[in-house]
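S.K.: Okay, sequence plus prediction incoming.
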Amino acid sequence: MTGRGRGLCQVRSAQLSRNDSKGSFGSLDGVRTNFGPAKTADIVCVNLDLDEVTRAWYLHFKNYWNMLKKSPAVVNMLHQHFDECDNPFEQALRLCYNCLDFKDAKPKTLAHLIMEQFGDWKARTKRDVGYLLSIDIKISAFNVVRRQRSFILMKLVASIYEMVNDCDIFLECIYRMISEKQYKEASQCALLLGLQERFGIEEFLLPLLLQDKLLCVDEFLNESVKHRIDLVVFLDSLLGQAVAIRSILEALILRLQIPEVKWNKLHNKPWRKLIARFVKMYNISSEVTPNLNKKRNEGALQFLLHKRYIENGFGDESWKEMVREAVKDDESLQQELVGLVASYGDTAEALRWAHFYNIDRSYWPHMVRLYSDNPDEDRHQQQLQNANIIDESWDDGAKEPTKYHEFKLPLTSVHLVDNISSFECFIYSGLQDTSVVGLDCEWKPSFGVNSSELSLLQIATRHSVFLLDVIKIGNSFPHLWKKLNEVLFSNCDIMKLGVRGYLFELIL
């Protein structure tokens, strides 16, 4: 059949423009009219017009499609047509493009059926057609198909036209998409063609992030470990700056000319949540996010101070342990701790922390230095303040004693399990003739991006209570933990009270 599959190596911008629409894979506006100086991002080397013979066949075929949709008769008609083509790669593209539903070629459209059946025909035919698939045809197919909205069709065409084998030739096309602010399509095509490593985080990941299109970002990061780390490191670096995140990003947004930015997301709190989301989703080490850790620890310190001095909700040991966990080795937080504790009027505690962290005296608040030089005078002032507080509250009625359940077992029935011998004794004898146990957990506080760590497991029978020091026992005795699961957690004859589903995963 004359005219079917004859590559004219020319750009038909006027014809292509009829399918231009917002949200498509790119733009062919202003393409060149000759092949020589044309760039890859613009070029279409296939005549997309149907000749008279092909047009007559196509109208007949479309009538069959309207009546029968996807049926053996329609499929056979397509396959027979491809058998008779000079270049079926060109002809499939030509037929697909001339479908009225091309610009939104979903799986049940005629445009999708033509390309799908061409792929099926290509896989089954005994005819040698591989040599007909030239670089020019691949580029043409990419540039034509990216004009419609369905990425499903783009994936199908990329597979049939074996674009991954020559992926580098499409770099300019993707950069064209980026310049046209088609960030989603650019990221999808880079992923489709295996070109992730050829792009940094600025080309489309950051723009998509600033547009709050997280699903597109996730789709790309799922296939690129390097970009996960690079992106999280960049996001975390902004938390460490002295100026506001929004002020820093304004310069980036102006430089890259990013449209449709979600400005309400460019603040510390949503930014920290965003980083924590990526850290959790991709199990990224907390070492990658030092600034996020510091911000969280600062917040934790404020929380602990409020609980200690406003709500009176902490005993001394719990207070000390949690403060050490929050502050750790951060010198600026250590200094801040001393200042904040002193601001609540507890100069003695502030001085204790100053000595504990060996903080230079020049960083001590004035009141802490005075207390250090003359502690007896300050103690006298505190006694006067306490006396005034008591005097002011003389009219308060007597408080009723707090009611609570008494522990009826003697203290000798409470057993600490923190070594191999006590662990073995508990497993092999502590749970004998037991039908019901009560379970509870204590967690080591964690104020960074890591999840809390199980520290103490309490297991109570009707006659005894066993306190398993999980941190001390650790993973040193895996065979005993396995035995505990067999004897207790997987034992259907023992009812477990107070247990949650995730506890089994933590134990095992």
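M.R.: It's in. All figures in this text were calculated on a predicted structure; none of them were measured in a lab.
S.K.: who are the neighbours of the helix or strand where residue 319 lies, in terms of helices and strands?
M.R.: Taking DSSP states H and E as the definition, residue 319 sits inside helix 316-327. Counting contacts by 3 or more Cβ pairs under 8 Å, 6 or more residues apart in numbering; DSSP states H and E, helix 316-327 is packed against helix 290-309, helix 331-343. (Each C-beta comes from the backbone N, C-alpha and C, glycine too.)
S.K.: For that helix, give me every contacting residue.
M.R.: With Cβ atoms under 8 Å, 6 or more residues apart in numbering as the test, helix 316-327 has contacts from 297, 300-301, 304, 308, 314, 333-334, 337, 353, 357, 444-447.
S.K.: Domains in this structure, by residue range?
M.R.: Structural domains annotated on the chain: 52-222, 293-383, 411-497, as defined by the TED database.
S.K.: how far out from the middle of the chain is stretch 282-291?
M.R.: Here stretch 282-291 shows a centroid-to-chain-centroid distance of 12 Å under the convention Cα atoms, centre = their mean, to the nearest Å.
S.K.: and that stretch, what's its mean pLDDT?
M.R.: For stretch 282-291, mean pLDDT is 90.
S.K.: now do stretch 88-95
M.R.: Averaged across stretch 88-95, pLDDT comes to 94.
S.K.: can you list contacts of that stretch?
M.R.: The contact list for stretch 88-95, computed with Cβ under 8 Å, 6+ apart, reads 4-7, 46-50, 54, 58, 81-82, 85, 114-115, 118, 121-122, 129, 132-133, 137, 140-141, 144-145, 160-161.
S.K.: hmm, back to that, give the buried residues for the helix holding residue 319.
M.R.: Residues of helix 316-327 classed as buried by neighbour count (16 or more other Cβ atoms under 10 Å): 319, 322, 323, 325, 326, 327.
S.K.: quick check: angle from that helix to helix 331-343?
M.R.: With axes from the mean of the first three to the mean of the last three Cα atoms, to 10 degrees as the criterion, the two stretches helix 316-327 and helix 331-343 enclose an angle of 140 degrees.
S.K.: and helix 316-327, how far from the chain's centre?
M.R.: The gap between the average C-alpha position of helix 316-327 and the chain average comes to 31 Å, counting by Cα atoms, centre = their mean.
S.K.: Burial check on residue 244, number of neighbours?
M.R.: For residue 244, the tally of surrounding residues (other Cβ atoms under 10 Å) stands at 13.
S.K.: how about it, what does it touch?
M.R.: By Cβ under 8 Å, 6+ apart, the neighbours of residue 244 are 267, 268.
S.K.: Quick check: phi and psi at it.
M.R.: Geometry field for residue 244 lists phi and psi as phi -70, psi 150, criterion degrees, to the nearest 10.
S.K.: which stretches of this protein form strands?
M.R.: With strands called from DSSP state E, the chain shows them at 414-417, 436-444, 453-460, 465-469, 495-497.
S.K.: Tell me which of those sits most buried.
M.R.: strand 465-469 (a mean of 20; mean count of other Cβ atoms under 10 Å).
S.K.: pLDDT averaged over that one - what is it?
M.R.: Across strand 465-469, pLDDT averages out at 91.
S.K.: Please report how far residue 337 lies from residue 257.
M.R.: Computed as Cβ to Cβ, to the nearest Å, the residue 337 to residue 257 distance reads 45 Å.
S.K.: ok, the two, which is more surrounded?
M.R.: When residue 337 and residue 257 are compared for neighbours, residue 337 comes out ahead with 25 against 9, by other Cβ under 10 Å.
S.K.: do you know how far the more buried one is from residue 136?
M.R.: Here the distance between residue 337 and residue 136 works out to 68 Å (Cβ to Cβ).
S.K.: Alright, that wraps it up for me.
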